[in-house]
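# Return atomic coordinates for the entry below.
(2 chains)
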2 protein chains.
Amino acid sequence: MQHEMPLRSLVKAVTWQVAGVVLLGLSTAYLAGGSADPVAPVALLTLVAFVAYYVHERLWEQVRFGRASSQAQPRPFVLWFTGLPCSGKSTLAERFVAELRADGIQVEHLDGDAVRGVLPSKGFSKEDRNNHVRQMGFIASRLEANGVNVVASFVSPYRESRDFSRTLCNNFFEIWISTPVEECERRDVKGMYKKARAGEMANFTGIDDPYEAPEKAEVVMDTTHRSIEDCLSEVRQYLRERGYTVSAAK
Amino acid sequence: MQHEMPLRSLVKAVTWQVAGVVLLGLSTAYLAGGSADPVAPVALLTLVAFVAYYVHERLWEQVRFGRASSQAQPRPFVLWFTGLPCSGKSTLAERFVAELRADGIQVEHLDGDAVRGVLPSKGFSKEDRNNHVRQMGFIASRLEANGVNVVASFVSPYRESRDFSRTLCNNFFEIWISTPVEECERRDVKGMYKKARAGEMANFTGIDDPYEAPEKAEVVMDTTHRSIEDCLSEVRQYLRERGYTVSAAK
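Numbers count the residues shown, from 1 in each chain, chains lettered A, B, ... in the order given. Sure thing, here's the model as predicted:
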């Protein structure tokens, strides 16, 4: 969105007034020639005013003065959801991204599963996971640096690479979805916990791979007994307190 | 930049005309009360017109109708420089990025050395290089999708991952800096060819690692006997032919 500052409107009013006086003078001088038709002067003045207004607008369209490009947000943010598989990260992130977009806010969603779909070569060892998260932090930082908000949802189990991503970004907000493993396993949306328990899936965070809980997450939420809307309103509230304009509860 | 379409100006002219008729009527009715001072009517009408114009502008400022957000560029592009070490990629890319920024065009520069500085864990095997280039292609595509132009400069020696990056992006232009290895080695800006020849550096593209020349690069340029300015003007020309507004030769 771009706005016109009041000063621009004022200056336009002045130029319009000046143009009006000149045109009124010219029209009057022309009409002074005389006309028998009493409607003609009114029609002429109306037409002159109309065309003049249009031309005045088109000329001002070329002028930058008094225009302010203002994004809806004070500065881009990186909202980083971390937590166990099935803790609710991606669901919350997706819903929040949809909300932001509905409000016309530009945002990129970086989601663990989606990224691994495009770049399938990444493994699941500690080093692989750390490298992966570092790279995602790098992407987030480049988007943020170019004015694009980022919502990231990655298990991102290691503190080291989460903190590394934080250092790359300017407004990094870590949202730890702290839903306990018992609840995540109960949900087991894609049957992955089952596979991990059966030994068909190695390096599964929460089962045979560690999750290092954040020590300084900006928001911590256990989604066990909470509705999606309730969780989202907490995220909204957090951003609002930091000066971001996000929708009121829907 | 944001533009106002002619239709917006026309509709504003109509609302202004309507407001003008109403205000003229009201002012005339008010003045019909009579005034001894011959200057008063003119002063009043002028003031009413001035305030009315300002209010009309401020009200329209709230209206989106007829506004078109138009970037300086028709659509974001990804300009991908590939070639041997010391072929001239980074120099050209840096200079071109500086030019674009001087023109107020938003652009992100992804450079091989710079990225490896931030993410040092990446190796130099064929698989490592391919993964690295794929990831860089992914970053470029996310930036492009969010309206940010990208200039990338990577040795990116393998066709497979360059082509993969191309498929992720919408406007991917491959610039093959085809300077022959003899010339690159003669330049050897950072003494890397010397090290590679001495066996102190393995997997060095052009010496003991292959470079797969592009088969469908949009621009091919051998920088051997050409000035930087001459090379840049070819890049500018290429983009200009595709509808991008880039500076005239400087």
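
# For stretch A:209-226, measure first residue to last.
End-to-end distance for stretch A:209-226: 27 Å, by CA to CA, to the nearest Å.

# Pull out the buried residues from it.
For stretch A:209-226, a neighbour-count test (16 or more other CB atoms under 10 Å in any protein chain shown) marks A:Asp209, A:Tyr211, A:Pro214, A:Ala217, A:Glu218, A:Val219, A:Met221, A:Asp222, A:Thr223 as buried. From N, CA and C alone the C-beta is placed, and that goes for glycine too.

# do stretch A:116-134 as well
A:Leu119, A:Arg129, A:Asn130, A:Asn131, A:His132, A:Val133, A:Arg134.

# among the residues you listed, which two are most distant?
Greatest spacing in the buried residues of stretch A:116-134, by CB to CB: A:Leu119 and A:Asn130 (15.5 Å).

# which residues sit against stretch A:105-123?
A:72-73, A:90, A:93-94, A:97, A:100-101, A:128, A:131-132, A:136, A:139-140, A:143, A:147-156, A:246, B:127, B:131, B:134-135, B:138, B:142, B:145-147, B:168 (CB atoms under 8 Å, 6 or more residues apart in numbering or on different chains).

# mind running it again at 6 Å?
The contact list for stretch A:105-123 (CB atoms under 6 Å, 6 or more residues apart in numbering or on different chains) reads A:72, A:90, A:97, A:100, A:128, A:132, A:136, A:143, A:148-154, B:131, B:134, B:138, B:142, B:146.

# what do you get for stretch A:204-216?
A:Leu84, A:Val155, A:Pro157, A:Tyr158, A:Arg159, A:Glu174, A:Trp176, A:Val181, A:Ala196, A:Asn203.

# Now the buried members of the residues you listed.
The buried subset of the contacts of stretch A:204-216 - by 16+ other CB under 10 Å - is A:Leu84, A:Val155, A:Pro157, A:Tyr158, A:Arg159, A:Glu174, A:Trp176, A:Val181, A:Ala196.

# quick one: which of these is nearest chain B?
Relative to chain B, the closest of those is A:Tyr158; by CB to the nearest CB it sits at 13.3 Å.

# which residues in chain A form helices?
A:6-31, A:39-61, A:89-102, A:112-118, A:126-145, A:159-168, A:181-187, A:192-197, A:228-241 (DSSP state H).

# hey, which of these is tucked in deepest?
Comparing the helices of chain A by mean neighbour count (mean count of other CB atoms under 10 Å in any protein chain shown), helix A:126-145 ranks first with a mean of 21.

# Now do it against helix B:126-145, angle only.
30 degrees (axes from the mean of the first three to the mean of the last three CA atoms, to 10 degrees).

# Show me what helix A:126-145 is packed against.
Counting contacts by 3 or more CB pairs under 6 Å, 6 or more residues apart in numbering or on different chains; DSSP states H and E, helix A:126-145 is packed against strand A:149-153, helix A:159-168.

# CA atoms only for that helix - export them in PDB, please.
The C-alpha coordinates for helix A:126-145 follow below in PDB (Å, rounded to 0.1, in the frame of the first residue of the first chain):
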ATOM      1  CA  LYS A 126      22.100 -34.400  14.000                       C
ATOM      2  CA  GLU A 127      24.500 -32.800  11.500                       C
ATOM      3  CA  ASP A 128      22.000 -33.000   8.700                       C
ATOM      4  CA  ARG A 129      19.200 -31.500  10.800                       C
ATOM      5  CA  ASN A 130      21.400 -28.700  12.100                       C
ATOM      6  CA  ASN A 131      22.600 -27.900   8.500                       C
ATOM      7  CA  HIS A 132      19.100 -28.000   7.300                       C
ATOM      8  CA  VAL A 133      17.800 -25.600  10.000                       C
ATOM      9  CA  ARG A 134      20.800 -23.300   9.400                       C
ATOM     10  CA  GLN A 135      19.900 -23.100   5.700                       C
ATOM     11  CA  MET A 136      16.300 -22.400   6.500                       C
ATOM     12  CA  GLY A 137      17.400 -19.700   8.900                       C
ATOM     13  CA  PHE A 138      19.500 -18.300   6.100                       C
ATOM     14  CA  ILE A 139      16.500 -18.300   3.700                       C
ATOM     15  CA  ALA A 140      14.300 -16.600   6.300                       C
ATOM     16  CA  SER A 141      17.000 -13.900   6.900                       C
ATOM     17  CA  ARG A 142      17.200 -13.100   3.100                       C
ATOM     18  CA  LEU A 143      13.500 -12.900   2.800                       C
ATOM     19  CA  GLU A 144      13.300 -10.700   5.900                       C
ATOM     20  CA  ALA A 145      16.100  -8.500   4.700                       C
END
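
# Contacts for it, please.
Contacts of helix A:126-145 (CB under 6 Å, 6+ apart): A:76, A:78, A:108, A:110, A:122, A:150, A:152, A:156, A:158, A:161, A:164-165, A:168-169, B:108, B:119, B:121, B:135, B:139.

# now do stretch A:75-84
In this structure, residues lying in contact with stretch A:75-84 by CB under 6 Å, 6+ apart are A:89, A:93, A:140, A:144, A:147, A:149-153, A:156, A:169, A:171-177, A:181, A:184, A:206, A:211.

# circling back: and which of the buried residues of stretch A:209-226 is nearest to chain B?
Nearest to chain B among those is A:Asp209, at 19.2 Å by CB to the nearest CB.

# State the distance from that closest one to A:Asn203.
Per CB to CB, to the nearest Å, A:Asp209 is found 5 Å from A:Asn203.

# same thing with A:Arg162?
Going from A:Arg162 to A:Asn203 by CB to CB gives 18 Å.
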